[in-house]
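> here's a sequence, model it:
(chains A and B)
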Amino acid sequence: MKQSIFRVKENTPLTSTVYKMVLVGDTSDITNSGQFVNIKLDGLFLRRPISVCDCEGDTLTLVYKVVGKGTEQMSKMCSGESLDVLTGLGNGYNTDVSGNAPLLLGGGVGIPPMYMLCKKLISEGKSVSVVLGFNKADEVFYENEFRALGADVTVTTVDGSYGTPGFVTDVMKDREYSYFYTCGPEPMLKAVYKTSVTGGQFSFEERMGCGFGACMGCSCKTITGYKRICKEGPVLVKEEILWQN
Amino acid sequence: MAKLNVNLCGIELDNPVIPASGTFGFGYEFAELYDINILGTFSFKGTTKDARFGNPTPRIAETPMGMINAVGLQNPGVDKVISEELQKLKKCFNKKVMANVSGFSVDEYVYTCEKIDKCEQVGWIEVNVSCPNVHGGGMSFGTSPEAAAEVTRAVKAVTTKPVIIKLSPNVTDIVSIAKACEEAGADGISLINTLLGMRIDLRTKKPVIANKMGGFSGPAIFPVAVRMVYQVSHAVNIPVIGMGGVSSAEDVIEMMMAGATAVEVGAANLVDPYACKKIIEDLPRVMEKYGINSLEDLKTLL
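Prediction:
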């Protein structure tokens, strides 16, 4: 973990509620895809945890959805402004176990961490398929970015207004894959859990106090014991997940 | 040369800054960030007789200038704390640590304190009779002078180390409770634990926290804490540790002017993991600014 100041290079809307923020700073503690950063914002007490979408050299890319005061404040920031960021938080995805044909399933704002993961898997010579799930056409983002990496990309929309109608699991059930990785809303994660026929990794979201393991605010029960989503997570393997409700 | 050292129940501290229980784990994770031996000491995660998972999530809510938590005393239980957590701490902390103990009956407090008292690493035992996040225990012992005194007496009977009773602000008369603890043999008082609070999410129309209510902390509660530390420290003759929203060297000095011998820092650690380090490094500058030579002299000012 590292605390440092990042400078905003770019902050642009991708849809009416999803923004892409490019930051420049010390990214040396970001060691894995699936990790997150925790951002201090003026006037708000707790930091805001945001997943890492991409990290290359000194450039950190975050893709976030405006859901409350914190992300709304972020969306109004301009290039040149600075942010106090804790980096290198969380365990991230393990790509050693992916096999040759991993399947990535992202839902809505759960899609961003899939991007850096996809990039890593492709750099490891794997044949990556990505399913990106949205509610409707005007919510779609990052389809072309995933294609540019060389992944096989399928977009689903619940209302059928773009791509394949239905849920990511409607695509998953007809696919063959060596392993899977997923991030998205909990109902989607549960559906993926039920539909999947191989091992896989799930990235979870939880309200956090600190984001670095001190407060026990985001603990969950797993088959292998109590885990902190911020520290031993946010990525859990399929075999250890205990659904709470 | 500014004098930062203070004496807390017979043990000398290099400075009065103490990370508060529940915001600093068992220390070793912060030791990856900086040398935690610069701290006066720290109060480790609230420990109970048996292992506890705590409350369902969400356990955290934000407030203006603060936060609410309902963690519910998640901890691995006293045996594992001694056999695992304190062993890990030994590798990075060579000072006496403050043990924080909670319970659901007088017998549980006694059981845990008796075991903790035998640990050489432990300098003080901070007995939490004020956790707002558990039912049938915790705060219920800290809301009446009789119950607080009963716990104090029972713990004192089985321990040799200084016993500090951590009090709840969720009472009508905190002074009477502090006095009852002093009469029952307490070696010190620490206050304030969190204020009971609640937030409701307008979108979901439900409480933000799964447990509905939780402990409100952060800079928003600082004035309440200063007031209660002032009241208690002027009513008892044992050392008082002040806490509640402390987040700067100025706050530490204000708390000591109110009568505190030492100061715990809580929620600030969760927002800035280097908070205590920064406060300690900043203290000499702030002391100089206000013409303060020795922190120990502050508590008799008012």
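
> contacts only, for residue B:55.
If a contact means CB atoms under 8 Å, 6 or more residues apart in numbering or on different chains, then residue B:55 has B:70, B:71, B:72, B:133, B:210, B:211 as its contacts. C-beta: built from backbone N, CA, C; applies to glycine.

> and which of the residues you listed is nearest chain A?
Distances from chain A to these, taken as CB to the nearest CB, are shortest for residue B:71 (4.8 Å).

> just the contacts of residue B:55 that are near chain A?
residue B:71 (CB under 8 Å from any CB of the partner chain).

> quick one: least confident of the contacts of residue B:55?
Minimum pLDDT for those is recorded at residue B:133 (70).

> among the contacts of residue B:55, which lie within helices?
Of those, none are assigned to helices by DSSP state H.

> show me where the chain has its helices.
If you meant another chain, say so; for now it's chain A. Along chain A, counting by DSSP H, helices occupy A:69-75, A:112-123, A:143-149, A:168-172, A:186-195.

> my bad, the chain I had in mind was chain B
Taking DSSP H as the criterion, chain B carries its helices at B:28-31, B:78-80, B:86-90, B:106-117, B:145-157, B:174-183, B:222-233, B:249-257, B:268-271, B:275-289.

> ok so, going back, quick check: ChimeraX command selecting the buried ones in the contacts of residue B:55.
This is how ChimeraX selects the buried members of these, with burial counted by 16 or more other CB atoms under 10 Å in any protein chain shown:
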select /B:70,71,72,133,211
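
> got the contacts of residue B:55 as JSON lines, with distance to residue B:232 columns?
Written out in JSON lines, the entries for the contacts of residue B:55 read as follows (distance: CB to CB, whole Å):
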{"residue": "B:70", "distance to residue B:232": "26"}
{"residue": "B:71", "distance to residue B:232": "25"}
{"residue": "B:72", "distance to residue B:232": "26"}
{"residue": "B:133", "distance to residue B:232": "23"}
{"residue": "B:210", "distance to residue B:232": "33"}
{"residue": "B:211", "distance to residue B:232": "28"}
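
> picking up where we left off before, format the helices of chain A as a markdown table; extra columns: mean neighbour count and mean pLDDT.
As requested, the helices of chain A are exported to a markdown table (neighbours: other CB atoms under 10 Å in any protein chain shown; pLDDT from 0 to 100):
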| stretch | mean neighbour count | mean pLDDT |
| --- | --- | --- |
| helix A:69-75 | 17 | 97 |
| helix A:112-123 | 23 | 98 |
| helix A:143-149 | 16 | 98 |
| helix A:168-172 | 22 | 98 |
| helix A:186-195 | 17 | 97 |
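
> next up, the contacts around residue B:27.
With contacts defined as CB under 8 Å, 6+ apart, the neighbours of residue B:27 are B:36, B:42, B:44, B:89, B:92, B:93, B:97.

> farthest-apart pair in these, please.
Considering CB to CB, no two members of these lie farther apart than B:44 and B:92, which are separated by 12.9 Å.

> so which of the two has more stuff around it?
Ranked by neighbour count (other CB atoms under 10 Å in any protein chain shown), residue B:44 and residue B:92 place residue B:44 first, with 28 against 15.

> ok, now how distant is the most centrally placed residue in chain A from residue B:46?
When CA atoms, centre = their mean is applied to chain A, the residue found nearest the centroid is residue A:113 (2.8 Å). The spacing between residue A:113 and residue B:46, counted by CB to CB, to the nearest Å, is 33 Å.

> now do residue A:122
46 Å.

> residue B:271 now?
Applying CB to CB, one obtains 20 Å for the distance of residue B:271 from residue B:46.

> related to what we said a few turns ago, tell me the most buried of the helices of chain B?
Comparing the helices of chain B by mean neighbour count (mean count of other CB atoms under 10 Å in any protein chain shown), helix B:268-271 ranks first with a mean of 25.

> contacts for it, please.
The contact list for helix B:268-271 (CB under 8 Å, 6+ apart) reads A:40, A:45-47, A:209-210, A:214-215, B:19-20, B:23-24, B:30, B:67, B:218-219, B:246-247, B:275-276.

> try stretch B:286-302
Under the criterion CB under 8 Å, 6+ apart, residues B:2-7, B:15-16, B:230, B:233-234, B:249-250, B:253, B:256-261, B:283 lie in contact with stretch B:286-302.

> thought residue B:143 was touching residue B:173?
No. The pair residue B:143 / residue B:173 is not scored as a contact, 10.3 Å apart, by CB atoms under 8 Å.

> who has more neighbours, these two?
Looking at residue B:143 and residue B:173 with other CB under 10 Å, you find the greater number of neighbours at residue B:143, namely 18 against 10.

> residues touching the more buried one, list them.
By CB under 8 Å, 6+ apart, residue B:143 lies in contact with B:168, B:170, B:171, B:177.

> chain A: which of those is nearest?
For the contacts of residue B:143, the minimum distance to chain A (CB to the nearest CB) is 19.4 Å, reached by residue B:168.

> for the chain, what's the longest strand?
Reading this off chain A. Determined from DSSP state E, the single longest strand within chain A is strand A:2-13.

> try again with chain B
Among the elements of chain B assigned as strand by DSSP E, the one spanning the most residues is strand B:122-128.

> does it come close to chain A?
No. Legend: contact between strand B:122-128 and chain A by CB under 8 Å from any CB is lacking; minimum distance shown is 14.9 Å.

> quick one: strands adjacent to that strand?
Strands adjacent to strand B:122-128 in the sheet, as given by DSSP bridges, are strand B:97-101 (parallel), strand B:163-166 (parallel).

> tabulate the ones you listed (TSV), appending mean neighbour count.
Listed next are the strands paired with strand B:122-128 as TSV, based on neighbours: other CB atoms under 10 Å in any protein chain shown:
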stretch	mean neighbour count
strand B:97-101	28
strand B:163-166	28
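
> mind checking how far residue B:55 is from residue B:215?
Remark: distance between residue B:55 and residue B:215 (CB to CB) = 11 Å.

> overlap of the contact sets of the two?
Taking CB under 8 Å, 6+ apart as the contact criterion, the common neighbours of residue B:55 and residue B:215 are B:70, B:133.

> what is the neighbour count of residue B:199?
17.

> the contacts of residue B:143: which two are farthest apart?
Spanning the widest gap among the contacts of residue B:143 are B:170 and B:177, at 10.9 Å by CB to CB.

> please name the nearest non-neighbouring residue to residue B:122.
The spatially closest residue to residue B:122, leaving aside those adjacent along the chain, is residue B:99, at 4.6 Å (CB to CB, 6 or more residues apart in numbering or on different chains).

> what of residue B:171?
If the residues on either side of it in the chain are set aside, residue B:171 comes closest to residue B:143, at 5.2 Å by CB to CB, 6+ apart.

> near chain B, which residues of chain A?
Proximity of chain A to chain B, by CB under 8 Å from any CB, involves residues A:1, A:3, A:40, A:44-47, A:86, A:206-210, A:212-221, A:226, A:244.

> swap the cut-off to 10 Å and go again
Within chain A, the positions lying close to chain B (CB under 10 Å from any CB of the partner chain) are A:1-3, A:38, A:40, A:43-48, A:67-70, A:84, A:86, A:206-221, A:225-226, A:228-229, A:231, A:244-245.

> now do the buried residues in stretch B:2-15.
By neighbour count, and taking 16+ other CB under 10 Å as the criterion, the buried residues in stretch B:2-15 are B:4, B:6, B:8, B:9, B:11, B:13, B:15.
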